[in-house]
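Student: 3D, please:
(4 chains)
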2 protein chains.
Amino acid sequence: MTSPTRSRRSDATRAAILRAARERFAADGYERATIRAIAADAQIDPSMVMRYYGSKEGLFAAAAEFDLRLPDLTSVPPAHLGEVLVRHFLARWEGDETLVALLRAASTNPGAAERMRGIFADQLTAAVATFGSDPALTARRAGLVASQILGLAFTRYIVRLSPIVDTTPDELVAWIAPTLQRYLTGTPPG
Amino acid sequence: MTSPTRSRRSDATRAAILRAARERFAADGYERATIRAIAADAQIDPSMVMRYYGSKEGLFAAAAEFDLRLPDLTSVPPAHLGEVLVRHFLARWEGDETLVALLRAASTNPGAAERMRGIFADQLTAAVATFGSDPALTARRAGLVASQILGLAFTRYIVRLSPIVDTTPDELVAWIAPTLQRYLTGTPPG
DNA sequence: ACCGTATGCCAACACCTGTTGACACGCAAT
DNA sequence: ATTGCGTGTCAACAGGTGTTGGCATACGGT
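Tutor: Numbers count the residues shown, from 1 in each chain, chains lettered A, B, ... in the order given. I've put the predicted structure just below:
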């Protein structure tokens, strides 16, 4: 038995499968991304996928591993929270198709929706909770932020709505930052 | 041959198929909603679906027929545009699952995404254009509104994010109306 | 009453899906 | 050299998919 720290020969295959899976899931969604297509992209046999990831669900679970990597919001000037967040999100998934894969799959796959809920209810809510406003409101504030952020991602990467696709990240930040800012620090209506 | 105005006997079947199709597409998405399941819901044979709608794509095209029914925005006080819009959208699809079906399908089905683009790029942009601000900006304003509106729908009906699901329509309107108001009538940033 | 046709069901096709088990190769340790 | 195991390929299974053609039946016009 090789040492667990020593890289095994199959690690390259595992990585190739994961890369191909992310691409296919992002491009086609959960059901259209077939194991055969993923295996073909990775240039291996479909049965390898099963051996290394157990099932299609298991493969997706591994491929959709995602961390928002939210920055420490306590060290951000409170007036710039909105801008920092939009910019971070855009940068985060403009270069990583994992979230697009998750987004596409969440529409039809319950497990993916569950994971999406975890990411935006746990990670984001936790980050919002750090600059302690009214605890009773943090969940709602985080939810509202998620609604605008996910709407931006949905229109830009999934539906590909022209006015949103054609707008530069900087312009998007300028328009959307005030929205998040109000959701985060604005006084509740009513 | 029966008169085209006279209701034919099969109209009930056609309607039952359409109703079942909308339900299934809304609940399961395009690929998981099988013709057999739809036919079973409508209590008819799968081949009937093919005879009346030609193909699964044709059935979806018929089931996803959707009109935003946007009110005449010229007769709305400009300061209340945001509120009127959020309230209208919430009411519009809280009682009609067609848009949820379209939303779910748009993630994986190119035709559905195309239709979604049509709805929000044509109908919404046209409505925004009626209260004539800078024409060069109307498309972008409409796109931003779409991003928040679709994000709301996505988090509330698809991902079912708890803080958004648990919030009453009135509270959602209070929070989100100012966002749309700024996207519609606010001065451009920069 | 008759006949054409609209309506419906049944069985089957061809294809694709996730998944499985048997078998071959090559490397590493004994 | 031989043994054991990690790695990989091949073929096949069982089930589900959209879709098609043929056959019964019941309705509506004459």
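
Student: what's the helix or strand for A:Asp96?
Tutor: Using DSSP states H and E, A:Asp96 maps to neither a helix nor a strand.

Student: quick one: it from chain B, how far?
Tutor: Between A:Asp96 and chain B the computed distance is 18 Å (CB to the nearest CB, to the nearest Å). C-betas here are computed from N, CA, C, even on glycine.

Student: now A:Arg87
Tutor: Distance, A:Arg87 to chain B, using CB to the nearest CB: 14 Å.

Student: ok, that residue - contacts?
Tutor: A:Arg87 sits next to A:Pro169, A:Val173, A:Ala177 when contact means CB atoms under 8 Å, 6 or more residues apart in numbering or on different chains.

Student: repeat that with 6 Å
Tutor: Shown in contact with A:Arg87 (CB atoms under 6 Å, 6 or more residues apart in numbering or on different chains): A:Val173.

Student: check it and give its pLDDT.
Tutor: With respect to pLDDT, A:Arg87 scores 98.

Student: before we move on, which element is it in?
Tutor: A:Arg87 belongs to helix A:81-94, assigned by DSSP H and E.

Student: run a quick neighbour tally on A:Ala106.
Tutor: Residues within reach of A:Ala106, counting by other CB atoms under 10 Å in any protein chain shown, total 26.

Student: what's the residue in chain A positioned nearest to chain B sitting at in phi/psi?
Tutor: Chain B sits closest to A:Gly151 of chain A, with a gap of 1.8 Å, by CB to the nearest CB. With angles defined as degrees, to the nearest 10, A:Gly151 sits at phi -60, psi -40.

Student: contact partners for the residue nearest to it when sequence neighbours are not counted?
Tutor: Using CB to CB, 6 or more residues apart in numbering or on different chains and skipping the chain neighbours, the partner closest in space to A:Gly151 is B:Gly151 (1.8 Å). B:Gly151 makes contact with A:Ser147, A:Gln148, A:Leu150, A:Gly151, according to CB under 6 Å, 6+ apart.

Student: please repeat the previous calculation with a cut-off of 10 Å.
Tutor: B:Gly151 sits next to A:144-155, B:164, B:176 when contact means CB atoms under 10 Å, 6 or more residues apart in numbering or on different chains.

Student: and A:Thr138, by the same measure?
Tutor: So A:Thr138 contacts A:Leu124, A:Thr125, A:Ala126, A:Ala127, A:Val128, A:Ala129, A:Thr130, A:Phe131, A:Gly132, A:Leu184, B:Pro163 (CB under 10 Å, 6+ apart).

Student: just A:Pro135 next, same as before
Tutor: A:Pro135 sits next to A:Ala129 when contact means CB under 10 Å, 6+ apart.

Student: what pLDDT does it get?
Tutor: Looking at A:Pro135, the pLDDT reads 84.

Student: so how far is A:Ala129 from it?
Tutor: From A:Pro135 over to A:Ala129 the distance is 7 Å, taken as CB to CB, to the nearest Å.

Student: picking that back up, what are the buried residues along the helix holding A:Arg87?
Tutor: A:Leu81, A:Gly82, A:Glu83, A:Val84, A:Leu85, A:Val86, A:Arg87, A:His88, A:Phe89, A:Leu90, A:Arg92, A:Trp93 (16 or more other CB atoms under 10 Å in any protein chain shown).
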